[in-house]
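> Dropping the sequence and predicted coords here.
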Amino acid sequence: TPELTPAMANDSHHHPSALRNRAPILGALQSIVAADVDGYALEIASGSGCHVEHFAPAFPKLHWQPSEHVQRGEGEVLAAIDFVGCGSHRNVSPAIALDASSPWEVWPEAVRAKAGSFALVYMSNVTHISPWSVTCGALCGAGHALRDGGHLVIYGPFKIDGQCTTESNAAFDSSLRSRDPSWGYRDVGDVAAEAAKHGLKLVERRDMPANNFLLTFCKLSS
């Protein structure tokens, strides 16, 4: 594995699309979550750490927990997140391996030990490039992790009332399903219905650049 160097902290470390969308997503998050909110924030599927690197300084009282699905032998994935995460920001914990499709009972102890105390759970560009079980598991996990009044925020492309919102999205959805039948755009109504099973209410569907949406759920009082 190549040695991590300071040069990896620049933009070339991240996917161009993640670099493009992190600023508008942060702007939206800042209208949802108060800058001085304290507690914990869980990021599901942190990728290269592009988003947590950008979000952590904007919410200095939130302690961020990045995570990523890691296959055996891919430990360098977490090390790369740590380079821009806990290695650069005091309010970011070391990244953990998380398979969001797994039952809550086997989620990492770093998350389960703080059940009911997370102010924010965040996930970006996951639902359409993973099986439905991943979305269901993430919603279940968020329901356990969040405190009353906490927020689950999901960014990505979705269907509305069973339809893609643009021809280009429909073409991409078809391409994804041909690649893997378990992938594809999820309908906002289906996601909201599943979230409701875990005490999460959809409170906003916000249009975002490049035909994406930001879905905000609030954890209802137990």
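Noted; the coordinates are in hand. Predicted, not measured: the structure shown is a model, and the values here were computed from it. Numbers count the residues shown, from 1 in each chain.
> Give the buried residues for the top helix by length along the chain.
Longest helix of the chain, by residue count under DSSP state H: helix 16-32. For helix 16-32, the neighbour count (16 or more other C-beta atoms under 10 Å) marks 18-19, 21-22, 24-25, 28-29, 32 as buried. Backbone N, C-alpha and C define where each C-beta goes, glycine included.
> And the spatially most central residue of the chain, how far from Ala79?
The chain has Met123 as the residue nearest its centroid, 1.2 Å off, counting by C-alpha atoms, centre = their mean. Going from Met123 to Ala79 by C-beta to C-beta, to the nearest Å gives 21 Å.
> Just checking the distance from the longest strand belonging to the chain to the centre of its chain.
Longest strand in the chain, counting residues (DSSP state E): strand 146-156. How far strand 146-156 lies from its chain's middle: 10 Å, per C-alpha atoms, centre = their mean, to the nearest Å.
> Pairing partners for the very next helix or strand once past that strand, with directions?
Sequence-wise, the next helix or strand downstream of strand 146-156 (DSSP states H and E) is strand 158-159. Using DSSP bridges, strand 158-159 pairs in its sheet with strand 186-187 (parallel).
> From the rest of the structure, what touches the strand it pairs with?
127-128, 132, 135, 158-162 (C-beta atoms under 8 Å, 6 or more residues apart in numbering).
> so how far is Ala100 from the residue nearest to the centre of the chain?
From Met123 to Ala100 the distance is 8 Å (C-beta to C-beta).
> shared neighbours of those two, anything?
Common neighbours of Met123 and Ala100 (C-beta under 8 Å, 6+ apart) are 44-45, 138.
> How many neighbouring residues does His89 have?
Number of residues near His89 (other C-beta atoms under 10 Å) recorded here: 18.
> Thought Glu53 was touching it, still the case?
Yes. Contact criterion C-beta atoms under 8 Å: His89 and Glu53 qualify, at 7.4 Å.
> returning to that earlier point: can the shared contacts of Met123 and Ala100 go into JSON lines with extra columns for distance to Phe83?
Shown next, in JSON lines, are the shared contacts of Met123 and Ala100 (distance: C-beta to C-beta, whole Å):
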{"residue": "Ile44", "distance to Phe83": "19"}
{"residue": "Ala45", "distance to Phe83": "17"}
{"residue": "Ala138", "distance to Phe83": "25"}
